[in-house]
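[1] Build me a model from this:
(chains A and B)
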Amino acid sequence: GNSVTQMEGPVTLSEEAFLTINCTYTATGYPSLFWYVQYPGEGLQLLLKATKADDKGSNKGFEATYRKETTSFHLEKGSVQVSDSAVYFCALSEYNAGNMLTFGGGTRLMVKP
Amino acid sequence: DTGVSQDPRHKITKRGQNVTFRCDPISEHNRLYWYRQTLGQGPEFLTYFQNEAQLEKSRLLSDRFSAERPKGSFSTLEIQRTEQGDSAMYLCASSFTSGGEDTQYFGPGTRLTVL
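    Numbering: from 1, shown residues only, chains lettered A, B, ... in the order given. The predicted structure follows:
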């Protein structure tokens, strides 16, 4: 079956530091890959996505590249802000399997001023 | 679009009681998904609908759980004879697909506490 593994948190960084959150996946077919973010007290929001190998998703300064050879989709940001403090979830879906999302366990990011 | 809405936002019930949650998807979205999220974990898929047809159910969905989407618009998720292990956040998401990849948009969730 499909699975997603993320680095465990919490990740604590100072403002303007570089962020990497690792995500690797196992899939039977050709998945689409997603990063969702959950801010305190709010619902899941789509942050970015990539639908095929070598695609790069980007949004709000965050980037992730779909690496089929390493089955990875690591999230990066060059300079984090306090407002980026949240829980980040990596996920995958396969359109020929109903598109249901398989999520990783989430990584909590805390950014200190 | 007003986004996906869920009602209620919070529900506290006693063990053994029945509860029902409602999800209103983004209009024109033909797919609706239910997930469950326990504290500190990622969401887990429960079931999904395409229009009014329920196409997939997870093994997590015991026979105490039932979901409907009677007119292909809003959906309800009912849990009968609730147990303490049912305490979780229940998330609804909707999407539009014409057969390929889709992007799911989530509602704020219903937090269930079973005492």
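[2] Once you drop chain neighbours, what's closest to residue 14?
    No chain in the question, so chain A it is. With sequence-adjacent residues excluded and distances taken as CB to CB, 6 or more residues apart in numbering or on different chains, residue A:14 is closest to residue A:112, at 5.5 Å. Glycine gets a C-beta too; all of them are placed from N, C-alpha and C.
[3] meant chain B actually
    Excluding its sequence neighbours, the residue lying closest to residue B:14 (CB to CB, 6+ apart) is residue B:115, at 5.3 Å.
[4] count of residues packed around the residue in chain A positioned nearest to chain B?
    Nearest to chain B in chain A, going by CB to the nearest CB, is residue A:103, at a distance of 3.3 Å. By other CB atoms under 10 Å in any protein chain shown, 22 other residues sit near residue A:103.
[5] Could you do residue B:88 as well?
    Neighbours of residue B:88 under the rule other CB under 10 Å: 20.
[6] Identify the residues contacting it.
    Residues counted as contacts of residue B:88 (CB atoms under 8 Å, 6 or more residues apart in numbering or on different chains) are B:36, B:37, B:38, B:39, B:111, B:112.
[7] at 6 Å what do you get?
    With contact set as CB atoms under 6 Å, 6 or more residues apart in numbering or on different chains, residue B:88 has these partners: B:36, B:38.
[8] now do the one 5 residues further on
    Shown here is residue B:93, whose contacts under the criterion CB under 6 Å, 6+ apart are B:33, B:104, B:106.
[9] how far away is residue B:99 from chain A?
    8 Å (CB to the nearest CB, to the nearest Å).
[10] What sits closest to that residue if chain neighbours are left out?
    Using CB to CB, 6+ apart, the nearest residue to residue B:99 is residue A:95, at 7.5 Å.
[11] Which phi and psi values does the one you found adopt?
    Dihedral pair for residue A:95: phi -70, psi -30, per degrees, to the nearest 10.
[12] Could you give the residue of chain B that lies closest to chain A?
    For chain B, CB to the nearest CB, closest residue to chain A: residue B:42, 3.3 Å.
[13] SS state for that residue?
    Look at residue B:42: counting by DSSP: H, G, I helix; E, B strand; the rest coil, its state is coil.
[14] In this structure it contacts residue A:104, no?
    Yes - applying CB atoms under 6 Å, one finds residue B:42 in contact with residue A:104, separated by 5.5 Å.
[15] Who has more neighbours out of those two?
    For residue B:42 and residue A:104, the more surrounded residue by other CB under 10 Å is residue A:104, and the numbers stand at 26 against 22.
[16] Identify the residues contacting that one.
    Residue A:104 makes contacts with A:4, A:6, A:89, A:90, B:42, as judged by CB under 6 Å, 6+ apart.
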